[in-house]
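In: Got a sequence here, can you build the structure:
(one chain, ligands or ions: 1)
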Amino acid sequence: MTAAQKTAFIEALRWYQEQGVTDALADAPQDATAWLNTPIGAPARSTLPAKNTGSPAPTLTPAVSHENQQPAFLGVAEARAEAVRLAAAAQTLEDLKSALENFEGFSIKKTATNLVFADGDPSADIMLVGEAPGADEDRLGRPFVGISGQLLDKILKTIGLDRHAQEHEARIYISNILNWRPPGNRNPAPAEIELALPFIERHIQIAAPKLLLFCGGVSAKALLNAEQGISRLRGRWHPYTPRTSELAGLSSGPIPALAVYHPSYLLRTPAQKKHAWSDMLEIQRKIKGL
Ligand code: URA
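Out: Numbers count the residues shown, from 1 in each chain. So this is what the prediction gives:
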């Protein structure tokens, strides 16, 4: 390859990246159902290329059948029941992480590189729940490490919060509604959010923070079971209790939750940063009263 060709390739790649094209598609057609025949115990990652073609409906989910080692196919309701069962059975964050790693109900697991479970200190007083990992988070296996994560860190620092602070009071714990990256950074599908809910709700129960921050509309609407958008929900405290009825008995009481704008929205709409600032002051006021 000549130097000019190399430069042209690099320019083309840069252009694709700027346009948000982060997943490769193959030229040849692929059998999109091939993964259904993957033997139990085989690695979950598919050889299929990632596709960014709208919201998938997880209608068929292979589950382990221990008798004959063949996939037993589950429908949406069964996958949801399995998610609830696994989440409720987890007693520790390690249990929950391995339950998520082994749960085959999320089709996005097949296109993701790493499980993005959490970052920061699980014993922190404050837990923030975002939406879903992006490309950087998928690559590194940690939430909010890309460009929006950098803004989030800056915003949190304005009131002295830092996921890796020396002092315990300054620490924060961070996770997401979805722990696998939706391909091409598409929005999480409603069916994926429903399936993820038992896991994130159990995650909150086990971490047991004193305060919750729901970062962005997807997180706030899902966890507060709200119809309103983030601009209606933000700026006030909501009593959070798990929606998953099977988990209700495992919670000690409502946790105050503040809905805040997502940093990627603030990157697109910098004029809204004034609201992020007033939300941070509100959090600071609440922390002082803990
Ligand atoms: N956006 C999110 O909501 N979560 C991440 O981890 C990264 C970007």
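
In: Correct me if wrong, but M127 is in a strand.
Out: Yes: under DSSP: H, G, I helix; E, B strand; the rest coil, M127 falls within a strand.

In: which one is it nearest to, not counting chain neighbours?
Out: Leaving aside its chain neighbours, M127 sits nearest to P209 (3.8 Å; criterion: Cβ to Cβ, 6 or more residues apart in numbering). Just so you know, the C-beta spots here come from the backbone N, C-alpha and C atoms, and that holds for glycine as well.

In: Who are the contact partners of the nearest residue to T158 once chain neighbours are set aside?
Out: Once flanking residues are discounted, T158 sits nearest to M280: 5.5 Å by Cβ to Cβ, 6+ apart. Shown in contact with M280 (Cβ atoms under 8 Å, 6 or more residues apart in numbering): I155, L156, T158, I159.

In: Now for the third one, how many residues are close by?
Out: This means T158. 12 (other Cβ atoms under 10 Å).

In: how close does it get to F214?
Out: 19 Å (Cβ to Cβ, to the nearest Å).

In: circling back: tabulate the contacts of M280 in CSV, adding columns for secondary structure.
Out: Putting the contacts of M280 into CSV (three-state DSSP) gives the following:
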residue, secondary structure
I155, helix
L156, helix
T158, coil
I159, coil
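
In: Now do the contacts for G141.
Out: The contact partners of G141, taken as Cβ under 8 Å, 6+ apart, are T113, N114, L115, V116, F117.

In: Might you enumerate the residues of the chain proximal to the ligand?
Out: Within the chain, the positions near the ligand by Cβ under 6 Å from any ligand atom are 130-134, 137, 143-144, 146, 148-149, 176, 216.

In: could you redo the last one with a cut-off of 5 Å?
Out: With Cβ under 5 Å from any ligand atom as the criterion, the chain comes near the ligand at residues G130, E131, P133, G134, E137, P143, F144, S148, N176.

In: was I right about A118 contacting R163?
Out: No: between A118 and R163 there is no contact under Cβ atoms under 8 Å: 9.6 Å.

In: anything in contact with each of these two?
Out: Joint contacts of A118 and R163 (Cβ under 8 Å, 6+ apart) are Y173, I174.

In: isn't P198 right up against L247?
Out: Yes: using Cβ under 8 Å, P198 is in contact with L247, at 6.7 Å.

In: between the two, which one's more packed in?
Out: Between P198 and L247, counted using other Cβ under 10 Å, the more crowded position is P198 (25 against 19).

In: If you rank the contacts of G141 by neighbours, which is first?
Out: Busiest of the contacts of G141 [other Cβ under 10 Å] is V116, holding 28 neighbours.

In: Quick check: that residue is in a helix.
Out: No: according to three-state DSSP, V116 belongs to no helix; its state is coil.

In: Test my guess that it contacts A135.
Out: No: if you go by Cβ under 8 Å, V116 and A135 don't touch, sitting 11.1 Å apart.

In: Name the residues contacting each of these two.
Out: The contact lists of V116 and A135 share R181, where a contact means Cβ under 8 Å, 6+ apart.

In: in stretch 147-160, what's buried?
Out: S148, G149, L151, L152, D153, I155, L156, I159 (16 or more other Cβ atoms under 10 Å).

In: The fifth one and I147, how far apart?
Out: For D153, the distance to I147 (Cβ to Cβ) stands at 11 Å.

In: quick one on the thing from earlier: so for the strand or helix carrying the residue nearest to T158, mean pLDDT?
Out: Using DSSP states H and E, M280 sits in helix 273-288. Throughout helix 273-288, pLDDT has a mean value of 97.

In: How about that helix, which residues are buried there?
Out: So, applying 16+ other Cβ under 10 Å, buried residues of helix 273-288: H275, A276, D279, M280, E282, I283, K286, I287.

In: if you go through the protein in chain order, where are the helices?
Out: 3-18, 76-89, 93-102, 135-140, 147-157, 190-207, 217-224, 230-233, 245-248, 263-268, 273-288 (DSSP state H).
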